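Undergrad: Coordinates for the following, if possible.
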Amino acid sequence: MFDHLGWGEISVLLVLGLFVFGPERLPGMAAEAGRAMRRFRTYAKGLTDDLKTELGPEIGDLDLRSLHPKTFVQKHLFEDDPDQPVRGTYRPLAPTEPAPWDPDAT
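TA: Got it, this is the predicted structure:
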């Protein structure tokens, strides 16, 4: 969840939370946030289980993460197809070799 959050950002958030909520309320707020995250994960897991149950056994093994737009685009646009030649790999031309020219591209 916090893939792009480094230690510097986390420490700034902790210091900011310390100033906003105070040292006596901060541990309770952190514990409550942890409980809320656990409840949210439990609800989300229950929702996906209910969805798979309602859709039936033929869709029960469907990986819902594969339907996320970011994953879908990475899978279908950025993965290399083993049957296709690798594009973007160039070799330097020999000194006497002419540059390639494509009449359809002009």
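Undergrad: Low-confidence regions, this structure specifically.
TA: Within the chain, the set of residues satisfying pLDDT under 70 comprises 1-3, 60, 64, 78-90, 106.
Undergrad: what comes into contact with stretch 35-47?
TA: The contact list for stretch 35-47, computed with CB atoms under 8 Å, 6 or more residues apart in numbering, is empty. No exception for glycine: its C-beta is placed from N, CA and C like everyone else's.
Undergrad: Can you show me the CA trace of it as CSV?
TA: Provided in CSV are the C-alpha atoms of stretch 35-47 (Å, rounded to 0.1, in the frame of the first residue of the first chain):
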residue,chain,number,x,y,z
ARG,A,35,-7.8,-1.9,13.6
ALA,A,36,-9.6,0.0,10.8
MET,A,37,-7.1,-1.3,8.2
ARG,A,38,-7.6,-4.9,9.4
ARG,A,39,-11.4,-4.4,9.3
PHE,A,40,-11.2,-3.0,5.8
ARG,A,41,-9.1,-5.9,4.6
THR,A,42,-11.5,-8.4,6.2
TYR,A,43,-14.4,-6.7,4.4
ALA,A,44,-12.6,-6.6,1.1
LYS,A,45,-11.7,-10.3,1.4
GLY,A,46,-15.3,-11.2,2.3
LEU,A,47,-16.5,-9.2,-0.7
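Undergrad: now it, how far from the chain's geometric center?
TA: Centre-to-centre, stretch 35-47 and its host chain are 19 Å apart (CA atoms, centre = their mean, to the nearest Å).
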